[in-house]
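Here you go, sequence then predicted model.
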Amino acid sequence: MSNATYPADPVLTTTVEHVNTQENRSRNNKIKVLQSMAGIQIVTGIICSAMGGTAMVLECYLSRIGDPIWSGLLFFMVAGIAGSAGTATGKQCGITFYAVWSSLSAACAAQLFGISVYAASQELELLCYPGIDTYKLCTYVIEARIGINVCIAIVSFIALISCLVASCISCALPSPQTTRIIVQATPATMESGPTSYPNPNASFVTMVEPPPYSAN
């Protein structure tokens, strides 16, 4: 007799990580703020593009470069759309892209604000840009040209604030805390009881089946 050890089936162990509801609540609140900032960026992008076209019609100072148009379309609106998509899916890659593009849009909004303020100050001149055969027209709509530049400056400042807020919150946004269940196979051994072997000195009886009975 001896003790034998045999491998047993793997034992499945389950580990559950608890969800931190407080962190998830904080993340959801920040997501709502990002959604609001994305909406503001889309609206400011549309307004800037429209005002940029109006400034070109009125031949405002520096309007030919189309700064409000491409700033609104390529930066503010793209940032807003990226923010809406990123917050809707909740994926970290989308949030990261939104943070990066919001930072670039903030720089764009800052330069647009500076150009608009400078252009508004130059509209005090009586000549339109470029000032060819438009003396009477420009003297008549000088208030409109100043007003357009001031409005562009105000909208770009709002876009600047929204982009800075979106960039900061996106960078500080924690990862979602979800429940993870880990199933791990742990090897184990099982000892059996005493194992009996036949005695080599034991006698064995061979059982032979009797022949079939036949009647004479």
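In hand now; what should we look at? Residues are numbered from 1 along each chain as shown.

can you map out the strands along the protein?
2-7, 11-16, 181-186, 189-195 (DSSP state E).

Pretty sure G52 sits against I152.
Yes. A contact is recorded between G52 and I152 when judged using Cβ atoms under 8 Å, the distance being 7.2 Å. No exception for glycine: its C-beta is placed from N, CA and C like everyone else's.

The two: which has the busier surroundings?
I152 (29 against 23; other Cβ atoms under 10 Å).

show me what contacts that one?
Contact analysis of I152 by Cβ atoms under 8 Å, 6 or more residues apart in numbering lists 48, 51-52, 55, 68, 112, 116.

These in helices, which ones?
48, 51-52, 55, 68, 112, 116 (DSSP state H).

Let me have those residues in TSV, extended by distance to C93 and pLDDT.
Written out in TSV, the entries for the ones in helices among the contacts of I152 read as follows (distance: Cβ to Cβ, whole Å; pLDDT from 0 to 100):
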residue	distance to C93	pLDDT
C48	28	95
M51	33	94
G52	32	93
A55	37	89
P68	30	93
L112	28	95
S116	34	93
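
neighbour-wise, which of those leads?
Busiest of the ones in helices among the contacts of I152 [other Cβ under 10 Å] is P68, holding 32 neighbours.

Leaving out the residues flanking it, which one is nearest to it?
G52 (3.1 Å; Cβ to Cβ, 6 or more residues apart in numbering).

contacting residues for that neighbour?
With contacts defined as Cβ under 8 Å, 6+ apart, G52 is in contact with 63, 66-69, 71-72, 152.

So what's the residue count around I142?
By the criterion of other Cβ under 10 Å, I142 has 16 neighbours.

was I right about Y98 contacting A82?
Yes. Between Y98 and A82 a contact is recorded at 4.8 Å, counting by Cβ under 8 Å.
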